[in-house]
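Q: what follows is a predicted structure for the sequence shown.
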Amino acid sequence: MDFEYYYNNVPGDGLCRNNLIYTSLISKDKKTFCQWYHNDTEYHKGKNQVVDPELMNEKWLREVNYLTQMRNVFPDLVPKILEIDLDRKKIFLEIDGVDFWQQSIDNSGRYDVVLPDWQEQMLDIFKAHKQLGFWKYSLHPSSYFVVNGKLKSINYFFCYGRNDSPFSLKDVESHIYSTRQDILKGVMSKMGYAWDQVIPFHKIQRLALESFRVNFPDSFTDRAIDLLDV
């Protein structure tokens, strides 16, 4: 199968990397997406953020762990896993076109044109995370694909469970984009948190949701906060 780099075409910015940790690949027929946990300078255009091989491996292991948990219990909420190549650190996923965010960009920024009931479907994914007992902080709309009218969640590299140790946002800042850091710092200041303060997982979930108000309607974010009790 023939693959190429996958970028988001963002108005005003042009082609932007789809993910700041791994290298995103897509088949030319746009039926398969590949998460390649490889620090590719060409793909990241010299703006590589996760350059530590140990950290990259940790992110890879989290992706495999939490994505397969979702696959095993809630298979309809994630793309079909076609292959997990442990040697090359590649996950191949069945998709049907570009990601949810790109589809919305191509439709004047309207999620509801792409998927009328996207809010209910995304909340169902959040409910699944809660049921499984983990917290997922990669919430950007590019972290979803739509397959046969169903929203599918990816990007579980920024996911933590009950057996993990709490951390500060400073500990993980290498894989939070600079503009997201600025938003988070503003939210944290209002909520009385410091960047280097160790924060419980459920509180970080609240911070993550608050930071994504720039991407989702306030009404949806409020529902997600109530649902997750954060």
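A: Everything's here; your move.
Q: what segments of this structure are helices?
A: 41-44, 53-73, 100-105, 111-114, 118-132, 178-191, 201-211, 218-228 (DSSP state H).
Q: residue 30: which of those is closest?
A: helix 100-105 (10.5 Å; C-beta to C-beta). In short, each C-beta sits where N, CA and C put it, glycine included.
Q: packing partners of that closest one?
A: strand 7-10, helix 111-114, strand 144-147 (3 or more C-beta pairs under 8 Å, 6 or more residues apart in numbering; DSSP states H and E).
Q: switch these over to TSV; also include mean neighbour count and distance to residue 81.
A: TSV is the format used below for these (neighbours: other C-beta atoms under 10 Å; distance: least, C-beta to C-beta, whole Å):
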stretch	mean neighbour count	distance to residue 81
strand 7-10	16	23
helix 111-114	16	23
strand 144-147	22	13
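Q: per-residue pLDDT of residue 83, please?
A: pLDDT, residue 83: 98.
Q: same question for the one 3 residues further on.
A: According to the prediction, residue 86 has pLDDT 96.
Q: look up phi and psi at it.
A: phi -70, psi -30 (degrees, to the nearest 10).
Q: that one: neighbour count?
A: Applying other C-beta atoms under 10 Å, we find 10 residues neighbouring residue 86.
Q: cool, and residue 45?
A: Residue 45: 12 surrounding residues under other C-beta under 10 Å.
Q: quick one: residues contacting the most centrally placed residue in the chain.
A: Centroid-nearest residue in the chain, with C-alpha atoms, centre = their mean: residue 138, separated by 3.5 Å. By C-beta atoms under 8 Å, 6 or more residues apart in numbering, the residues touching residue 138 are 155-159.
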